[in-house]
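In: Structure of the sequence below:
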Amino acid sequence: MGNDEIPKALFPIGGRPILWHIMNIYACCGFKDFILCLGYKGDRIKEYCCRIKGWKITFVDTGLETNTGGRIKKIQHLIKDDLFFATYGDGLSSVNLNNLLRFHMCHERVATITVVRPHSRFGIVGVNFGTGLVTHFEEKPILDHWINGGFFVFNKDVFGYLKENDILEKHSFKRLLIDRQISAFKHRGFWKCMDTYKDNLEFNELWDKNKLLWLGEDGK
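Out: Modelled structure (predicted):
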């Protein structure tokens, strides 16, 4: 993101950190009990979130170098319900969390991931390679493949698939895959990840135009 003074989760959209916007997606669906797995500059995140009213927030220092699956493993002792949500700290979506939860409960597997079809970061050039003729241009089309959208529901049984420093996507999900214990919830509405400074600018452009697409669409 080009700024090492604050963690990515605190990069602002419309004057509030992206982390607040992520948590607000859950709060708007009635889920207001959060556990934050802190790492880099976790003290800055805690300092900000301590000022938020109306949400229950538990802070856990999960280490600077811990990978995604390992961070979830470190909060096992705090998970009291049979089911819980999890997500990253850098993406916004209009996914309907109640529909996601119902889907997960209907399929009775350990894990459900939300899958999305993102826009290509590049424009597409159509070419007739027989003649070398350019046939068309397509500006950043929606890709044909589904990718991990980062909004999850887990049963507590997931902790049996997590090891101390797992990369969630590389290690834990593969174990779930082998046991046929992971489902995919298709989301066709808005989804965008903040990987670059340009992404942050685009989020703020949406905010300035009052196009809060992560709150204004119903995920299917």
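In: Per-residue pLDDT of I142, please?
Out: I142 carries a pLDDT value of 69.
In: and V158, how many neighbours?
Out: By other C-beta atoms under 10 Å, the residues close to V158 number 26. C-beta coordinates here come from the backbone N, C-alpha and C atoms, glycine included.
In: From R51, how far off is the nearest residue to it once chain neighbours are set aside?
Out: Leaving aside its chain neighbours, V158 sits nearest to V110 (5.3 Å; criterion: C-beta to C-beta, 6 or more residues apart in numbering). V110 sits 36 Å away from R51, going by C-beta to C-beta, to the nearest Å.
In: Of the two, which one has the most company?
Out: V110 (21 against 6).
In: Next, E169: phi, psi?
Out: Main-chain torsions, E169, degrees, to the nearest 10: phi -70, psi -30.
In: I'd assumed D157 was in contact with I79.
Out: No - using C-beta atoms under 8 Å, I79 is not in contact with D157; the gap is 11.1 Å.
In: Just want to know which of the two has more residues nearby.
Out: Applying other C-beta under 10 Å to I79 and D157 shows that I79 carries more neighbours, namely 16 against 13.
In: What segments of the protein are strands?
Out: Counting by DSSP state E, the chain has these strands, from start to end: 12-13, 16-17, 33-38, 56-61, 83-87, 91-93, 111-116, 124-128, 133-138, 147-155, 182-186, 191-193.
In: Kindly reformat these as CSV containing mean neighbour count and mean pLDDT.
Out: Converted to CSV, these look like this (neighbours: other C-beta atoms under 10 Å; pLDDT from 0 to 100):
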stretch, mean neighbour count, mean pLDDT
strand 12-13, 18, 96
strand 16-17, 18, 96
strand 33-38, 19, 97
strand 56-61, 13, 97
strand 83-87, 18, 98
strand 91-93, 24, 95
strand 111-116, 23, 97
strand 124-128, 11, 80
strand 133-138, 9, 79
strand 147-155, 22, 96
strand 182-186, 19, 97
strand 191-193, 20, 93
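In: Sweet, I'm off.
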